[in-house]
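Trainee: got a sequence here, can you build the structure:
(chains A and B)
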Amino acid sequence: MAYDKQLPKKSDDISGWYNALMLQAELAEYGPAKGTMILRPYGYAIWELVQQKLDAAFKANGVENAYFPIFIPESLLQKEASHLEGFSPELAIVTIGGGEVLQEKLIIRPTSETIMYASYSKWVKSWRDLPIMINQWNNAVRWEKRTYLFLRTTEFLWQEGHTAHATHDEAIVTQKWAMGAYAQLFRDQYALPGYIGTKSATETFAGASSTMTYETLMPGGKALQSATSHDLGQNFAHAFDIKFQDKNSKTEFVWQTSWGLSTRSLGGLFMVHGDDKGLRLPPELAPIQAIILPIRADDKFMSYADQVKSRLIDSKVRAKLDTRDGESLGFKINKWELKGVPLRIEIGAKEQADNKVKIVRRDNGKIAIVDVDKLSETVENLLKQIQDNLYKQAIDALESNTYSTADYADFKQQMSDSKGFIKANWCGNNACESMIKQETTATTRCKTDSTVEGNCIYCGKPHASEWYFAQSY
RNA sequence: CGGGGUGUGGCGCAGUUGAUAGCGCGCUCGGUUUGGGACCGAGAGGCCGAAGGUUUGAGUCCUUUCACCCCGACCA
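Mentor: Here you go, the predicted model:
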């Protein structure tokens, strides 16, 4: 295993730190084709934990999993005009199959609205066929000009939920429910606080009526759109002719939603919680929650170490015993710190003699010497504390980097200094949003939940509502 | 799509005025070690991104080309 001794400091060089960390912690590496990512077992295990949690939440709300093809005939994608327009610059298109030029080009899915809704239109005839609540875990391809590991890769993994309802109200309930599920996941598992709100017209998903977003703050002050939930209105229903007869025998178009969370969110997780020593994984998403390090590889320590491991496994802690030879204790400590394992348990002669273990927290370095009989409850307790502490640190960062101003000069100054989120009023006019972006590189991230109106920070017009602005990843 | 950079053992790099490749880390084996990135010894591993050219001779010079990375504009 190759671990470079030097990881760039997070505070000096965020981008260098992040890239090196992704590779060194064995989360991912670059695929042979530009912008692609190989998810290594350690990184994939984190994604699997996300999947477990989210999948359970979906199913609890009646969502079923299914799978639709990766190839979308070009004609399908063309059916919804704004959807096509939004995605066409970043499509990967198959033109040759089996050595022959295809009669109709095949789009590699950038998202699955079109191919799924072609089926929905066949499936829905009666109000009794509704709602349709389907999710799929899959990959998608968007030919981005510039890529980062996790944060923006040419191919990414995600889930996309797609529902169809008899009424707009019901669709909106689902849109909000999905965002609620994401918010809970981010808070309870990712330990990532964020702002939830509606996107401006220009930032709304191509083909949607409205987009809700979960916006998190990255170190360096940029915002990361971490999950979205769309109210598609009847846009796709009209384009794909998805209609049904209601209880009064009247023909109606369905109301739809779609919502997704991708491996991008893991990039946010790594970036926010990591420190100069490497990753700091929240226990909920740590493939290994406790790493047990015998001070020596001697047999007499091993049986005790095995016993400690068994106790943890029995109490459902994801524990691993590092028995690899040829690595000194110091090396192993650094290795597991880099990989962000929340707890390190050291076992040596002293611990064995006293029937104790030494437990060190990754998040703050605090040491506890614990009686082995109290091991499980102590570990469980510490894991909770670490989870809470990471959330607390992240929320402190979010709050202390959220500003509010009514003065455009302040706004500009802030965006060129420490960045972060700025709450400011905006009239809703595209021209103002676009000028602000040109002059500060900041865009609207989402509407705040404030109902107080003010003057537009750019044009000064009254009755402007409050928005979060930030530079975006 | 613009700007910058880099391609030489697995990784990071050196290679001067051209003379058929070297260092560190890692890896393998043996031994000594082990409470914060151990040490000694012996090994394995590279036609220098690709193609063409100049030359007695090219990692090095020339031409073309490909790929990737970083920074911007576009985006989950």
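
Trainee: and whichever strand or helix holds residue A:52 with RNA strand B, contact?
Mentor: Assigned by DSSP states H and E, residue A:52 falls within helix A:41-60. No. Helix A:41-60 does not reach RNA strand B (CB under 7 Å from any atom of the strand); its nearest approach is 12.2 Å. In short, each C-beta sits where N, CA and C put it, glycine included.

Trainee: convert the C-alpha atoms of that helix to PDB, please.
Mentor: Only the C-alpha atoms of helix A:41-60 are listed here, as PDB (Å, rounded to 0.1, in the frame of the first residue of the first chain):
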ATOM      1  CA  PRO A  41     -13.900  -0.700  -2.200                       C
ATOM      2  CA  TYR A  42     -13.400   1.700   0.700                       C
ATOM      3  CA  GLY A  43     -15.200   4.500  -1.200                       C
ATOM      4  CA  TYR A  44     -17.900   2.200  -2.500                       C
ATOM      5  CA  ALA A  45     -18.600   0.900   1.000                       C
ATOM      6  CA  ILE A  46     -19.500   4.400   2.000                       C
ATOM      7  CA  TRP A  47     -21.900   4.700  -0.900                       C
ATOM      8  CA  GLU A  48     -23.400   1.300   0.100                       C
ATOM      9  CA  LEU A  49     -24.200   2.700   3.500                       C
ATOM     10  CA  VAL A  50     -25.800   5.700   2.000                       C
ATOM     11  CA  GLN A  51     -27.900   3.400  -0.200                       C
ATOM     12  CA  GLN A  52     -29.000   1.300   2.700                       C
ATOM     13  CA  LYS A  53     -30.300   4.300   4.600                       C
ATOM     14  CA  LEU A  54     -31.900   6.000   1.700                       C
ATOM     15  CA  ASP A  55     -33.400   2.900   0.200                       C
ATOM     16  CA  ALA A  56     -35.100   2.000   3.500                       C
ATOM     17  CA  ALA A  57     -36.500   5.500   3.700                       C
ATOM     18  CA  PHE A  58     -37.900   5.300   0.200                       C
ATOM     19  CA  LYS A  59     -39.500   1.900   0.700                       C
ATOM     20  CA  ALA A  60     -41.000   3.100   4.000                       C
END
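
Trainee: isn't residue A:427 up against residue A:456?
Mentor: Yes. Assessed by CB atoms under 8 Å, residue A:427 is found in contact with residue A:456 at 3.6 Å.

Trainee: what touches both of these two?
Mentor: Residues touching both residue A:427 and residue A:456 (CB atoms under 8 Å, 6 or more residues apart in numbering) are residue A:464.

Trainee: these two: which is more packed in?
Mentor: A count of neighbours by other CB atoms under 10 Å puts residue A:456 above the other of residue A:427 and residue A:456, at 23 against 20.

Trainee: who's in contact with the more buried one?
Mentor: A:425-427, A:429, A:432, A:462, A:464.

Trainee: could you do residue A:166 as well?
Mentor: By CB under 8 Å, 6+ apart, the contact set of residue A:166 is A:127, A:130-131, A:244, A:246, A:252, A:254-255.

Trainee: flag every residue of the stretch 151-300 of chain A that's near RNA strand B.
Mentor: Within the stretch 151-300 of chain A, the residues that sit near RNA strand B (CB under 7 Å from any atom of the strand) are A:151-154, A:156, A:158, A:202-203, A:205, A:225-228, A:260, A:262-264, A:277, A:295-298.

Trainee: now swap in the stretch 301-450 of chain A and tell me
Mentor: With the criterion set to CB under 7 Å from any atom of the strand, the stretch 301-450 of chain A comes near RNA strand B through A:325-331, A:333-335, A:337-338, A:346-351, A:358, A:360, A:365, A:437, A:441.

Trainee: look at residue A:317 and give its secondary structure.
Mentor: Following DSSP: H, G, I helix; E, B strand; the rest coil, the label given to residue A:317 is coil.

Trainee: number of nearby residues for it?
Mentor: 19.

Trainee: for it, give me the pLDDT.
Mentor: Here, the pLDDT recorded for residue A:317 equals 98.

Trainee: before we move on, back to that, from the residues of the stretch 151-300 of chain A next to RNA strand B, which would you call buried?
Mentor: Burial by neighbour count, judged by 16 or more other CB atoms under 10 Å, picks out A:151-154, A:156, A:158, A:203, A:205, A:225-228, A:260, A:262-264, A:277, A:295 from these.

Trainee: in helices, which of those fall?
Mentor: In helices, defined here by DSSP state H, the members of those are residue A:264.

Trainee: quick check: end-to-end length of stretch A:55-70?
Mentor: 21 Å (CA to CA, to the nearest Å).

Trainee: re earlier: can you list contacts of the helix holding residue A:52?
Mentor: A:22, A:25-28, A:39, A:65, A:135, A:137, A:157, A:159, A:161, A:181, A:184-185, A:189, A:261, A:263, A:265-266, A:269, A:281, A:284-287, A:339.

Trainee: give me that answer again for 7 Å
Mentor: Residues from elsewhere that reach helix A:41-60, judged by CB atoms under 7 Å, 6 or more residues apart in numbering: A:25-28, A:39, A:135, A:137, A:157, A:159, A:161, A:181, A:185, A:189, A:261, A:263, A:266, A:285, A:287, A:339.

Trainee: among the residues you listed, which are in helices?
Mentor: Of the positions in the contacts of helix A:41-60, A:181, A:185, A:266 sit in helices, assigned by DSSP H.

Trainee: now pLDDT, distance to residue A:217 and neighbour count too, for those residues, in CSV please.
Mentor: Shown next, in CSV, are the ones in helices among the contacts of helix A:41-60 (pLDDT from 0 to 100; distance: CB to CB, whole Å; neighbours: other CB atoms under 10 Å):
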residue, pLDDT, distance to residue A:217, neighbour count
A:181, 98, 21, 23
A:185, 98, 17, 22
A:266, 95, 16, 24
